[in-house]
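In: Following is a predicted model, sequence given first.
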Amino acid sequence: MSSPTSTPLEDIQVDRDNLYLEEVFTDLKVATLRRLTPVKPDGTPDETRPVLFHGQTQLMSQMGPLPVNCAIEAANLEEAMQKFPEAIAEAIERMIEEAKEMQRQEASRIIVPGAAPGGSKIKLS
């Protein structure tokens with residue numbers, strides 16, 4: 001059964017106009033940086049699109065390691081390394097705010113007596 005946002009297998013195709021060469025850099029401690037260089041379908045660099053940088057690290061939580069990912073606005077690898085700490089800090093702050101918002105929403109949820117957990121059916125006696 002497919003959902004409205006899923007794509008049938010026969011319709012899956014490579015987006016030839018959105019290809020990137022991915023390179024991974026790590027300090028083998030806390031930082032992983034990905035450089036995504038745009039390429040044309042023949043594999044040659046596509047100078048018309050910007051190079052993208054993404055950072056990744058892990059935080060230890062009570063539930064185990066928690067991955068933290070972020071985009072980094074940078075012109076080159078050196079700049080991406082310099083901006084990594086701030087970008088990760090901002091990503092962590094967003095994660096904390098999203099978790100707080102989820103807690104607020106859960107706390108304000110109306111509970112109907114006799115309703116199945118997660119359901120919206122009302123049981124009449």
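Out: Cool, got the structure. Numbering: from 1, shown residues only.
In: So which residues of the protein form helices?
Out: Along the chain, counting by DSSP state H, helices occupy 77-107.
In: Point to the residue nearest the middle of it.
Out: In the chain, the residue lying closest to the centroid (Cα atoms, centre = their mean) is Asn69, at 5.9 Å.
In: Excluding covalently adjacent residues, which one is nearest to that residue?
Out: Gln56 (5.1 Å; Cβ to Cβ, 6 or more residues apart in numbering). Bear in mind the C-beta positions are built from the backbone N, C-alpha and C, glycine included.
In: show me the residues around the one you found that make contact.
Out: Ala31, Thr32, Leu33, Arg34, Pro67, Val68, Asn69, Cys70 (Cβ atoms under 8 Å, 6 or more residues apart in numbering).
In: quick one: it and Pro41, what's the gap?
Out: Distance of Gln56 to Pro41, computed by Cβ to Cβ, to the nearest Å: 28 Å.
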